[in-house]
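>>> A predicted structure for the sequence below; I have some questions about it.
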Amino acid sequence: MLTPFLTIATFGLLVTPAGLIRRGKNPIGIAPYAGLTGLVIALGSTIWLGFYGGPSQIFGGFQIDLFTYFFTGVLLLVSLFVAISSLDFMKGDTNTAPYFGLLLLSTLGMIVLAASMDLILLYVGWELMSIPTYALTAIKKKDPNSNEAAVKFFVLSALSSALLVYAISLTFGITGSTNLPTIASSLGTLTGDTRSFALIAIVMFVAGFGVKMAVVPFHMWIPDAFEGAPTTVAALLAAGAKMAAFAAAFRVFIVAMSTVNIDWYSTFAIVAVATMTLGNLAALMQKSFTRLLAYSSIAQAGYVMIALSVPITAGGVPLGLAGGLFHVLNYSIVKTAAFVAAAAVATRLPLNTLDSFNGLARRMPQTAFNITVFFLALAGVPPLNGFFSKVMLFTGAVYSPYAWGGYLAIAALLNSGFSMSYYGWLIKRMYFDDPMDSSKIPEPRAYTSVMWAATILVFIIGLYPDPWIRLVQSAACSLRSPVPC
């Protein structure tokens, strides 16, 4: 049951020392491939356990259920894509072995978050995820932009950690436990004296998770951090760390806080609308491709927030929650690959101006085609994968037990349509504008392999959504267990 966790932990500890193995005076370069091996074994075991692992089990603070396997599989896939693209990105760098070691240890923290059913273990996973990403952001030590991004990221992440510790301490003080189901039982019987402390704890949890989830108003660090960080690390932050934070938020709010008599659902709805609206409006005004992806990432977080706003329908079916999980899967695949595409373009062209993408279809045809697919998927164009997850989310909002559910769905639908303005604008640049130089640009195989793998998944999930919808529905039900679906 714990095979994925033990595999990543073992390989994460071995990868960095493996970089010291030499043949003569030269390192043999085994570390990156050892890291890839660990990720492949962990992902394979996760898929196998998801199908044949049996009923949910508890190991201390670990909850091993389909929700855990789902997020573990998604996060391992993100890290695998990042690792494959990093083979080219880190080629010849003296910090290659530490880079892959930190990548695996951060991934371990992410999957621990997804499995945590205890607030202490959740915080350990949070820090295990966060600390390696600070070093990864600053891995290019001689690049001042990378160092600046790492400092900004560190300061805001330290704030989020402090808020989480405060929230955990308040929750323990109110309930006398850090176990999520026990907390849920205690919060259901709150009196007026302790209810205000529960409200403060919820606010602290929202703020703490909100920094990593990059929702408004905690999104300020994202554009600068993504632009300054190595592009492959930005992919890990955008699709890995952000979705791991959502996994933790789902655990805390759906399992522990669902019984407290405080209306935090409407708060999440307001945050969702503000996040997707600001993200889309800001993305339209960007001149840098990386910053455009960063603000697009903020907007996509707003869609996932709908799952926390309207997790169940009036009939008790977790449609909104399942739609959120489906969007986590689709977003993670597409956004990781979009940043990998940015890394491919950055090998020869600057990313700080969109003029680099003029006529890109003639210079880098594979990259241009894949970026087009990714952008259309993010916008929710049928029959690509993003369309079906958004349909589930919007439908869940419409059939929610709240009067404002329909308005939330309309706001999300309008934002989804608006996002095509900047996605379509860049696609137009790639295919219809004339480049300043028409010479072909080599497309590194490590990058193109990740992009094509992601594109294939986009079409497979979009054309055959049924098994994936059943998967996310089952994962949503396992999170709400023992509540029947």
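The structure has been received and is ready for your questions.

>>> Next up, the contacts around Val304.
Shown in contact with Val304 (Cβ atoms under 8 Å, 6 or more residues apart in numbering): 213, 246, 324, 327-328, 331. For the C-beta atoms, the positions are set from N, CA and C on the backbone; glycine is no exception.

>>> out of those, who's nearest Gly396?
The shortest approach to Gly396 among the contacts of Val304 belongs to Gly324, at 8.2 Å (Cβ to Cβ).

>>> doesn't Ile312 make contact with the closest one?
No. If you go by Cβ atoms under 8 Å, Gly324 and Ile312 don't touch, sitting 11.5 Å apart.

>>> For the two, indicate the residue with more neighbours.
Taking other Cβ atoms under 10 Å, Gly324 and Ile312 do not tie; Gly324 has more neighbours (27 against 22).

>>> wait, is Gly35 part of a helix?
Yes. Under DSSP: H, G, I helix; E, B strand; the rest coil, Gly35 sits within a helix.

>>> what number of residues lie near Ser438?
9.

>>> Below-threshold pLDDT in the stretch 351-485 of the chain: ranges please.
Residues of the stretch 351-485 of the chain meeting the criterion pLDDT under 70: 482-485.

>>> So which residues of it form helices?
When assigned using DSSP state H, counting those that start in this stretch, the helices of the stretch 351-485 of the chain occupy the ranges 360-363, 365-379, 385-398, 405-432, 445-463, 466-480.

>>> Pull out the buried positions in the fifth one.
If you call a residue buried by 16 or more other Cβ atoms under 10 Å, then helix 445-463 has these buried ones: 446-451, 453-455, 457-458, 461-462.

>>> That one packs against which elements?
helix 66-89, helix 319-346, helix 365-379, helix 385-398 (3 or more Cβ pairs under 8 Å, 6 or more residues apart in numbering; DSSP states H and E).

>>> so it versus helix 365-379, what angle?
40 degrees (axes from the mean of the first three to the mean of the last three Cα atoms, to 10 degrees).

>>> For the top helix by length along the chain, the averaged confidence score.
If you go by DSSP state H, the chain has its longest helix at helix 144-175. The average of the pLDDT scores along helix 144-175 is 87.

>>> and if you look at stretch 17-34?
pLDDT averaged over stretch 17-34 gives 75.

>>> cool, stretch 216-236 as well?
Rounded mean pLDDT across stretch 216-236 is 86.

>>> Buried residues, that stretch. List them.
So, applying 16+ other Cβ under 10 Å, buried residues of stretch 216-236: 216, 218-219, 221-236.

>>> The residues you listed in helices, which ones?
Filtering the buried residues of stretch 216-236 for helices - DSSP H - leaves 221-228, 231-235.

>>> ok, which pair from the contacts of Val304 is furthest apart?
Met213 and His327 (13.0 Å).

>>> got the contact list for Ser474?
With Cβ under 8 Å, 6+ apart, Ser474 has these contacts: Leu66.

>>> circling back: including distance to Ser196, could the helices and strands packed on helix 445-463 go into CSV?
As requested, those are exported to CSV (distance: least, Cβ to Cβ, whole Å):
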stretch, distance to Ser196
helix 66-89, 31
helix 319-346, 28
helix 365-379, 40
helix 385-398, 30
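
>>> among the ones you listed, which is nearest Ile202?
Closest of those to Ile202 is helix 319-346, at 18.2 Å (criterion: Cβ to Cβ).
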